[in-house]
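[1] no FASTA, just this:
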């Protein structure tokens, strides 16, 4: 078995076992919590399995027994994860994490059937959390797909039996490319485990299936191990919330941490600006023309002097009276809010939203100015909400 390469991560001091086990137990505890709050049923897995099989075969399932079975099967899968965490050895986790942390290419996950589906999910989780990973079907690999695998990659093979024909057939070709192999298997003495560079024991006493046939507890354990590996790597690499968000630009978290005012503001020909000397009727026309409910008042150099909203216009009519003609002599200087709250193009849209809402009197629009005070746009509360924040 090849010794794992020394860590090349700057300042990396792998202490993954405790972190790995804790992550596994979080998954385990979340499954058990709901079940334990329902009732206090007790019994060994063997006894439960026998009871489930008899009820299943005789067709005597009632609403109550269906409910109890679901709860007990959740417990069975949670217990399987707990036992898997207890079996882990420091040396095997250190070896696996070192191989993955020092991978200069990508992580290639392989599996067939249900194990293949679990491998796809693990690949997706790793990719989104800072470790480039892909799923490769072993049959596709044997018919040209192997071309994506290089010596800089690390391969993770998932197999409950450890004797999956397609994976065993692929092993010589992976070895020839000098690809480090990690096996997540239910039999540490299997053919795949014996030829791997690092092995994680994902065995279960029995499946949650009443007939002990359908992959249930075994796939849950494999998935939990994959999640624990991905999260341990995420912490080892120092992935930040901002880094995570950059991989999720369409999600709400991603938008909060990546979407900026410049992405949403009305700028250029859509920037509602008016000269500081404009009269009342010009202001009305500008607000109507742009349809944004406000105009930015600028000086001769294009710097922001203030803002006028349609609310300011209504208040001016109330103050002067609609039958008087004095309003016709009003100019921007008489109506505008001086030194308004502003945003910068680089400001996060979420921060601009908080700037509008987290105040005694909420505002619906913000002028956008650059570093020298030049007015470059306007952003509305509506624009931010419409973006999905």
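    Arrived safely, thanks for sending. Being a predicted model, the structure only gives us computed values, none of them experimental.
[2] domain map for the chain?
    Here the domain parsing of the chain from automatic domain parsing is 16-239, 261-386.
[3] pLDDT on the helix ranked longest in the chain, on average?
    Ranked by residue count, the top helix of the chain under DSSP state H comes out as helix 63-87. In this model, helix 63-87 has a mean pLDDT of 91.
[4] next one: stretch 376-389
    Mean per-residue pLDDT for stretch 376-389: 91.
[5] try stretch 256-265
    90.
[6] and for stretch 282-290?
    92.
[7] show me which positions of that stretch end up buried.
    283, 284, 286, 287, 290 (16 or more other Cβ atoms under 10 Å). (Each C-beta comes from the backbone N, C-alpha and C, glycine too.)
[8] quick check: of these, which lies closest to residue 238?
    Proximity of those to residue 238 (Cβ to Cβ) peaks at residue 290, which lies at 45.6 Å.
[9] gap between the closest one and residue 236?
    51 Å (Cβ to Cβ, to the nearest Å).
[10] list of residues touching the helix or strand that contains residue 126?
    Element membership for residue 126, per DSSP states H and E: helix 114-128. Identification of contacts with helix 114-128 by Cβ atoms under 8 Å, 6 or more residues apart in numbering yields 107, 109-111, 132-135, 137, 156, 158-160, 164, 215, 219, 222-223, 226-227, 229-230, 233, 244, 247-248.
[11] those residues in helices, which ones?
    219, 222, 223, 226, 227, 229, 230, 233, 244.
[12] least confident of those residues?
    Ranked by pLDDT, those bottom out at residue 244, which has 81.
[13] quick check: that residue touching residue 129?
    Yes. Using Cβ atoms under 8 Å, residue 244 is in contact with residue 129, at 6.8 Å.
[14] ok so, going back, among the domains of the chain, which is the most enclosed?
    With neighbours taken as mean count of other Cβ atoms under 10 Å, the domains of the chain reach their highest mean count in domain 16-239, at a mean of 19.
[15] ok now that domain, how far from the chain's centre?
    Computed by Cα atoms, centre = their mean, to the nearest Å, the chain-centroid distance of domain 16-239 equals 21 Å.
[16] can you map out the strands along this protein?
    107-110, 133-135, 154-159, 181-185, 198-201, 273-275, 294-298, 304-309, 337-338, 365-369, 375-380 (DSSP state E).
[17] out of those, flag the one nearest residue 240.
    strand 133-135 (19.4 Å).
[18] strands paired with the closest one, and their directions?
    Partner strands for strand 133-135, per DSSP bridges, with pairing direction: strand 107-110 (parallel).
[19] can you tell me which residues contact the closest residue to residue 146 other than its chain neighbours?
    Distance criterion Cβ to Cβ, 6 or more residues apart in numbering; nearest residue to residue 146, sequence neighbours excluded, is residue 173 at 6.0 Å. Residues in contact with residue 173 (Cβ under 8 Å, 6+ apart) are 141, 142, 146.
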